[in-house]
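Q: here are the coordinates; sequence isn't available:
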DNA sequence: TTATGTTTGCCAAAATATGACAAGTCAAAT
DNA sequence: ATTTGACTTGTCATATTTTGGCAAACATAA
């Protein structure tokens, strides 16, 4: 499964007609890394999401949600008790 | 916040009147480690849950759920988009 | 072929988690 | 007051995982 975050930022980037090499210096990484992030073999640092959102003129919260959802998905995927665990956490954070 | 998993296995252990030093050799760790796991400053390896459940005569699935929920909680706690991300993952795994 | 944008593989370095042990606290028994 | 037993905490070296950076590969278009 692809990463939703990766797919999304790629879409944003392409819609703005930016090349990897244009985006990358602002994030202090090289094209290889951002390429991997878009293809989900690497993670963007959480703290970099706002900057990337700004660069791509994308909604920070959308990206934060997708980023988090990817992390969660990686954690639960294939776990038999995934659904129950998710339910319990959802309930717990509503406090 | 305490770990639900840790609290639960401690309760199970105490209900069975087992000491740390009785449980620990079966898991190939020392008392310090299991103590930390119960107090949530260390993680039990996921693969060890079934063995621990057996030792404590506890329900494997209950422990697996709590263990996973702890991981998820650590990931989302304090995140503004936690709820939305959880919702999205919950939906996604239902396939 | 060359140029451009992206992707992949590799490996050393950085960051994080773990295991082991020693020393600590605390409560109950003596 | 001291000892004992159960548990806790701190430290630190080692193991594991993640990352950064580079070089080479790939794909497409000119």
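A: Done, it's in. Model, not experiment: these values are computed from the prediction. Residues are numbered from 1 along each chain as shown, chains lettered A, B, ... in the order given.
Q: going forward, measure contacts and count neighbours with C-alpha atoms only.
A: OK.
Q: Chain B contacts on chain A?
A: When proximity is defined as Cα under 8 Å from any Cα of the partner chain, chain A approaches chain B at A:61, A:64-66, A:68-69, A:72-73, A:75-77, A:81-90, A:93.
Q: Now look at the helix or strand hosting residue A:49 and say if it contacts DNA strand D.
A: Taking DSSP states H and E as the definition, residue A:49 sits inside helix A:49-56. No: counting by Cα under 7 Å from any atom of the strand, no contacts exist between helix A:49-56 and DNA strand D, the nearest distance being 13.2 Å.
Q: Take the residues of chain A next to chain B and keep only those in helices.
A: In helices, defined here by DSSP state H, the members of the residues of chain A next to chain B are A:61, A:64-66, A:68-69, A:72-73, A:75-76, A:82-90, A:93.
Q: Just the buried residues of the residues you listed.
A: Neighbour-count burial (16 or more other Cα atoms under 10 Å in any protein chain shown) applied to these gives A:64-66, A:68-69, A:72-73, A:76, A:82-86, A:88-90.
Q: ok, which of these also contact DNA strand D?
A: Within these, nothing lies near DNA strand D by Cα under 7 Å from any atom of the strand.
Q: hmm, which two among the residues you listed are most spread apart?
A: Greatest spatial distance in those: A:64 and A:84, 23.5 Å, computed using Cα to Cα.
Q: who's in contact with the residue lying closest to residue A:81 once chain neighbours are set aside?
A: Closest residue to residue A:81 apart from its sequence neighbours, by Cα to Cα, 6 or more residues apart in numbering or on different chains: residue B:65 at 5.4 Å. Residue B:65 makes contacts with A:81, A:82, A:84, A:85, as judged by Cα atoms under 8 Å, 6 or more residues apart in numbering or on different chains.
Q: cool, residue A:25 as well?
A: Neighbours of residue A:25 in contact, by Cα under 8 Å, 6+ apart: none.
Q: tell me which residues in the helix or strand it falls within are buried?
A: Following DSSP H and E, one finds residue A:25 within helix A:20-27. Neighbour counts over helix A:20-27 (16+ other Cα under 10 Å) mark A:20, A:23, A:24 as buried.
Q: Can you confirm whether that helix lies near DNA strand D?
A: No: Helix A:20-27 is not in contact with DNA strand D by Cα under 7 Å from any atom of the strand; minimum separation 9.7 Å.
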